[in-house]
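Novice: Compute the structure for the input listed below.
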Amino acid sequence: MAVVLVIEDEVNVAAMIRVCVESEGHTCYVTHNGNEGLDKFCKVQPDVVILDLMLPGINGLDICARIRQFIKSKQKDPYIMMLTGKVEEIDRIIGFSTGADDYMAKPFSPVELAVRIRALLRRELRQQANSEGIIETHHLLIDQERRIVEIKHTNGIRETVKLTTLEFNLLVVLAKRPGRVWSRAQLLDTVWGIDYVGDFRIVDSYIKRLRQKLYSTNATGEKLDKTQFISTAPGIGYSFTDSNGTV
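Specialist: Numbering: from 1, shown residues only. The predicted structure is shown next:
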């Protein structure tokens, strides 16, 4: 079973989430503000964080960004589900671009919350089962077992790219089939799971984040184009490419 951290300032909502999470057999910790939430995150290393957007003090977007930064210090990389009373498109896009893996607008059904948590956790089990070996292209090395991505520069320098769990999984799916064009629906089914019920535009947000992280400048000034590895097929979806050849 998983460890779930809830950061929610509405006491009644937090209590409802705790009941829902514990009824699924998971361990649940609850905090009611951002500072306490970050402290608890470092202590319990949760598998899933359920995070309210509007919190006193540090807001949910800042907390989400800080949690993703913790990856660099070897902290656990959890799945993050963001909760909010804001339902406008811009709020969803901002949430995804900051690092949220899923998004639910209040009020929400406890049953739907439970289903989404199950879906998040199944993704990791599915990816672990499918992990194998190394994918290597002209500029990239992807170690699936160690979950490490390196950019190989022409001067021999290898630069490690820090990716979240879902960013890594998405890159692996694309890189395993170079040249294949994947529709958004196909990527959702493969990476997020066929039971994903959120906004399909999350794919675009993750592609944007991957491109930003893979766009690199090292000490010699060598740059890779922002679309070096992920090409857009207008009206269809995305594909993996490496302009100087693939292995």
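
Novice: per-residue confidence at the residue most central in space within the chain?
Specialist: Geometric centre of the chain, nearest residue: Leu166, 3.9 Å, by C-alpha atoms, centre = their mean. With respect to pLDDT, Leu166 scores 85.

Novice: do the same with Ala119
Specialist: pLDDT, read off for Ala119, is 78.

Novice: Please state the offset of the host helix or strand of the residue nearest to the centre of the chain from the chain centre?
Specialist: Leu166 is located in helix 165-176, with elements delineated by DSSP states H and E. How far helix 165-176 lies from its chain's middle: 10 Å, per C-alpha atoms, centre = their mean, to the nearest Å.

Novice: do the same with stretch 111-120
Specialist: That offset, for stretch 111-120, works out to 16 Å (C-alpha atoms, centre = their mean).

Novice: any residues touching it, and which ones?
Specialist: Outside of stretch 111-120, the residues within contact range by C-beta atoms under 8 Å, 6 or more residues apart in numbering are 2, 4, 17, 20-21, 23-24, 26, 48, 50, 79, 81, 101-102, 104, 192-193, 195-198. C-betas here are computed from N, CA, C, even on glycine.

Novice: Please repeat the previous calculation with a cut-off of 6 Å.
Specialist: 20, 24, 48, 79, 102, 193, 195 (C-beta atoms under 6 Å, 6 or more residues apart in numbering).

Novice: Stretch 174-184: which residues count as buried?
Specialist: 174-175, 178, 182, 184 (16 or more other C-beta atoms under 10 Å).

Novice: mind checking the end-to-end distance for that stretch?
Specialist: 12 Å (C-alpha to C-alpha, to the nearest Å).

Novice: Stretch 70-83 now?
Specialist: 21 Å.
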